[in-house]
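Q: Provide a 3D model corresponding to the input given below.
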Amino acid sequence: MNMNKIIARVAFVFSFLVLVACENDMEAIMNLDKKTAAVEEGKDIESMYSQLGKVKAKLTAPSMLRHLQAPVYVEFNKGLKVLFFNDTLDVESTLTARYGKYFENDANIYLRDHVVVINKKGERLDCEELNWDSKKEIFYSNKPVRISTATDTLYGTGLESNQDFSNYTILHPSGPFVLQDSTTLQ
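A: Numbering: from 1, shown residues only. Predicted coordinates for the structure are as follows:
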């Protein structure tokens with residue numbers, strides 16, 4: 001047997017062994033690739049929100065993760081701040097939270113972990129969970145809330161409010177209530 005035939009057979013056997021030994025499950029590779037590609041990441045986010053050509057809000061966040069698998073949502077895992085504007089671009093209210101999740105299909109935003117809303121009168125809402133319907137421009141919650149005003153602190157469970165937090169309702173008030181004539185109810 002000549003040397004060329006021996007080398008050709010060794011090369012063929014070696015190639016066959018490499019192909020058999022390196023068999024990969026292509027579906028597993030594709031799924032792994034989909035999982036890594038299914039999240040877009042952004043840093044130092046600044047986004048303007050407008051309706052009918054009018055700027056309504058400005059969102060800033062140190063980090064954003066956009067999850068592309070259905071349902072598509074954007075996660076603000078390191079907190080966020082939103083400034084809400086009136087028609088003359090004056091700040092009407094400010095919202096901060098340590099965590100937020102925006103669902104792209106229905107434009108709802110879920111906020112949690114030390115959520116604070118302050119309106120231009122200085123009234124302050126503190127709660128652990130708050131939902132923001134950006135289409136209807138309302139806030140709502142079914143969790144405990146605290147509202148601090150210049151003269152009172154109000155407690156309760158559940159809240160509905162307009163987006164600039166100038167008109168709000170605590171659904172189930174609790175704690176002491178002070179009436180106009182200085183009578184206190186328990």
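
Q: gap between whichever helix or strand L159 is part of and the chain center?
A: Under the criterion of DSSP states H and E, L159 resides in strand 153-162. With CA atoms, centre = their mean, to the nearest Å as the basis, strand 153-162 stands 21 Å off its chain's centre.

Q: Can you list the strands that the next helix-or-strand element following it pairs with?
A: Using DSSP H and E, the helix or strand that directly follows strand 153-162 along the chain is strand 168-174. Each strand paired with strand 168-174, and its direction, by DSSP bridges: strand 153-162 (antiparallel).

Q: Of all the residues in the partner strand, which ones are buried?
A: 154, 156, 159, 161-162 (16 or more other CB atoms under 10 Å). (Glycine included, C-beta is placed from N, CA and C.)

Q: Below-threshold pLDDT in the chain: ranges please.
A: Where the chain drops to pLDDT under 70, the residues are 1-37, 176-186.

Q: If we use 50, what do you get?
A: 11-23, 180, 182-186 (pLDDT under 50).

Q: hey, where'd the strands end up in it?
A: 39-51, 54-67, 73-76, 80-85, 91-97, 99-103, 108-119, 124-133, 138-148, 153-162, 168-174, 177-178, 184-185 (DSSP state E).

Q: Which strands and helices lie in contact with the second one?
A: Secondary-structure packing of strand 54-67 (3 or more CB pairs under 8 Å, 6 or more residues apart in numbering; DSSP states H and E): strand 39-51, strand 73-76, strand 80-85.
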